[in-house]
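J.: no letters, just coordinates:
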């Protein structure tokens, strides 16, 4: 028995409300018009309009992480659906509850090559937790086609809905939704909370929300082990950790294991991005690793002890040798002093400019784009004041959708800063479309323009990897109505900045090259 397109659209919106969805990001088209028309008649949801599905997916990702709630993305049919795959990958590894509502042509068109007909069912592969295929032709409903209790919220959900013509087959009716509490729950396994002993560990802290960071601080103080805190760990703002935090860069970790001052690794939070984490696969494959995280990913392809639930840090007991701990911290202080000297010697290098910018970001929000900026921030962040909140995508998506994710995470109570590279900005040029729809808040986008992908310079020493260019970003800022500044140095006093400020940061290439050369020889 055939059902109405509009009726099924109402059912879908009610399901979104039932799992705690407050925001819907949509890219309007013909095939999803029943959903769009019903959205116009629906109260209770915040609507966000996009024309670019890839940007929409990453904005929804940031928004979901910001609100800790499911966010829905509605697309039309065809390759519009495929544009969501990068965000689906990132959301899976970040355990973010996105809901993809993908409009489709009737099932009879599958495999025919008919216009805007592709196989949308299964297109996200393992990067959705559940996929449900609904059709108005056979009268399928969400009650029969989707068991909500099966969705944990740890990965995206796809609702694929086939609409037959006429698309607008009845007049949409007013609908007022009751938003239920979110269904996202990351439960720790009590069976994994047995006591775990580790000897002379270095704590490597990956991504943690400010709330998660606050909860783990007492456990880290109790353990008393040296801590290498990546920027997105949000740990550097806690004064009680000052005596434990390593500030001289990630090379101290390699030195500590080479000299046998450290014997094990305790990972806390998200999968780390520093180089040493990859060394644990080969050069340091004998080092025992214990991970405590809310996510299920071990981040290593070798056996480790992985404990689900940050609260289970209480089950970790560390045997820390005072002499070894002292040696690590003494060496770290020496490295910190030398690093500060390098920043003074090369004040217009990229790392020095990032450090100078960081001194202005105390008590603000900083989003760090992947690739080189996140490594530079990790190196500089231990030397400058701490923002109130630091965030970054996990990195499975590379440089894709970074500005869109940042905009989704903006909050009105803070100044919101993003630090990204030039190629990263070019990859997300449509991102600023949504700013007109956002609540008023200060948004400052800093683009490090070094003329290409300089992260590959030291890796391959071949210019073919750099994607070199002569692009500047002033015209892009003007296109979207943003104020524009170009800095070759970070001012001591920022003065008045626009609430929509694009700052193009132009480091000195020679000083950047000299900084990294000198850093390698510390």
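T.: Yep, that arrived. Quantities reported herein were computed from a predicted structural model and do not represent experimental measurements.

J.: hey, which helix is longest across this structure?
T.: The helix of greatest length in the chain, counted in residues with DSSP state H as the criterion, is given as helix 322-345.

J.: elements contacting it?
T.: helix 251-258, helix 350-358, helix 509-520 (3 or more CB pairs under 8 Å, 6 or more residues apart in numbering; DSSP states H and E). The C-beta positions use only the backbone N, C-alpha and C, and glycine is treated the same way.

J.: 6 Å instead?
T.: helix 251-258 (3 or more CB pairs under 6 Å, 6 or more residues apart in numbering; DSSP states H and E).

J.: I'd like the average pLDDT over the helix it packs on.
T.: The average of the pLDDT scores along helix 251-258 is 94.

J.: and residue 441, what does it touch?
T.: Contacts for residue 441 (CB atoms under 6 Å, 6 or more residues apart in numbering) come out as 410, 412.

J.: that's a helix at it, yeah?
T.: No. Counting by DSSP: H, G, I helix; E, B strand; the rest coil, residue 441 falls outside a helix, being coil.

J.: and it, what's its pLDDT?
T.: Taking residue 441 on its own, its pLDDT is 95.

J.: again, but for residue 114
T.: According to the prediction, residue 114 has pLDDT 89.

J.: confirm for me that residue 353 is in contact with residue 507.
T.: Yes. Using CB atoms under 6 Å, residue 353 is in contact with residue 507, at 5.5 Å.

J.: what does the longest helix of the chain rub up against?
T.: Helix 322-345 is touched from outside by 200, 226, 246-248, 252, 256, 261, 352, 355, 515, 518, 522, with contacts defined as CB under 6 Å, 6+ apart.

J.: and the angle for it with helix 251-258?
T.: Using axes from the mean of the first three to the mean of the last three CA atoms, to 10 degrees, the inter-axis angle of helix 322-345 relative to helix 251-258 is 150 degrees.

J.: could you pull out the buried residues of helix 322-345?
T.: 324-325, 327-329, 331-332, 335-336, 339, 342-343 (16 or more other CB atoms under 10 Å).

J.: for it, what is the distance to the chain centroid?
T.: 30 Å (CA atoms, centre = their mean, to the nearest Å).

J.: now that helix: mean pLDDT?
T.: The model assigns helix 322-345 a mean pLDDT of 95.

J.: which residue lies nearest the spatial centre of the chain?
T.: residue 393 (1.9 Å; CA atoms, centre = their mean).

J.: and residue 82, how many neighbours does it have?
T.: The number of residues packed around residue 82, counting by other CB atoms under 10 Å, is 16.

J.: what ranges of the chain fall below the confidence cut-off?
T.: When residues are selected by pLDDT under 70, those of the chain lie in 1, 139-148, 183-193, 453-463, 465-466.

J.: if we go to 50?
T.: Residues of the chain meeting the criterion pLDDT under 50: 144-145, 185-186, 191-192.

J.: domain ranges for it?
T.: For the chain, whose domains are defined here by automatic domain parsing, the residue ranges read 5-172, 193-335, 346-520.

J.: looking at these, which is nearest to residue 180?
T.: domain 5-172 (5.2 Å; CB to CB).

J.: first to last residue in the closest one, what's the distance?
T.: Criterion CA to CA, to the nearest Å; first-to-last residue distance in domain 5-172 is 10 Å.

J.: which residue ranges form the strands in the stretch 401-522 of the chain?
T.: Residue ranges of the strands in the stretch 401-522 of the chain, as given by DSSP state E, counting those that start in this stretch, are 416-421, 443-448, 483-487, 500-505.

J.: as CSV, those strands with mean neighbour count would be great.
T.: Supplementary listing: the strands of the stretch 401-522 of the chain in CSV, determined by neighbours: other CB atoms under 10 Å:
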stretch, mean neighbour count
strand 416-421, 26
strand 443-448, 24
strand 483-487, 15
strand 500-505, 22
